[in-house]
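Asks: Kindly generate the corresponding structure for this input.
(one chain, ligands or ions: 1)
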Amino acid sequence: MRKQNTSKWIETGKSLALNPDEKVPCPDCEKYYLIVKDVYSEIDVYKFERIISCETCFARNIILMKIKS
Ligand SMILES: [Zn+2]
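Replies: Prediction:
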């Protein structure tokens with residue numbers, strides 16, 4: 001298993017939670033920008049998952065987001 005740079009991933013998650021359009025380099029390979037995808041649930045309308053992934057090294061992190069009303 002690939003060793004993940006946890007503190008960098010936490011920082012990355014924080015900035016992409018606030019601004020999903022921000023170009024953030026992958027904390028693992030540090031070569032390519034991360035891809036952000038929001039996945040909405042039909043069951044829980046108050047939350048959605050923000051999936052952050054790198055197409056190059058396949059690093060992946062999911063943030064659970066609250067939908068502001
Ligand atoms: Zn990567």
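Asks: okay, which residue is most central for this structure?
Replies: Ile52 (2.7 Å; C-alpha atoms, centre = their mean).
Asks: quick one, what contacts that one?
Replies: Neighbouring residues of Ile52 by C-beta atoms under 8 Å, 6 or more residues apart in numbering: 12-13, 16, 34-36, 60-63. To be clear about C-beta, it is placed using only N, CA and C from the backbone, and glycine gets the same treatment.
Asks: Could you pick out the buried ones from those?
Replies: When the contacts of Ile52 are checked for burial by 16 or more other C-beta atoms under 10 Å, the buried set is 12-13, 16, 34, 36, 61, 63.
Asks: Closest one of those residues to the ion?
Replies: The ion lies nearest to Leu34 out of those, by C-beta to the ion, at 7.6 Å.
Asks: near the ion, which residues of this protein?
Replies: Residues of the chain that fall close to the ion, judged by C-beta under 5 Å from the ion: 26, 28-29, 54, 56-57, 59.
Asks: follow-up on the earlier one: can you lay out the contacts of Ile52 as CSV showing distance to Glu22, pLDDT and secondary structure?
Replies: Converted to CSV, the contacts of Ile52 look like this (distance: C-beta to C-beta, whole Å; pLDDT from 0 to 100; DSSP: H, G, I helix; E, B strand; the rest coil):
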residue, distance to Glu22, pLDDT, secondary structure
Thr12, 9, 95, helix
Gly13, 12, 95, helix
Leu16, 6, 97, helix
Leu34, 9, 97, coil
Ile35, 12, 97, strand
Val36, 9, 98, strand
Arg60, 18, 95, strand
Asn61, 15, 95, strand
Ile62, 17, 95, strand
Ile63, 13, 95, strand
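Asks: Name the nearest of these relative to Glu42.
Replies: Nearest to Glu42 among those, counting by C-beta to C-beta, is Ile62 at 17.5 Å.
Asks: Phe45 touches Ile67, doesn't it?
Replies: One correction, residue 45 is Val, not Phe. Yes - between Val45 and Ile67 there is a contact at 7.1 Å, judged by C-beta atoms under 8 Å.
Asks: any common contacting residues for those two?
Replies: Common neighbours of Val45 and Ile67 (C-beta under 8 Å, 6+ apart) do not exist.
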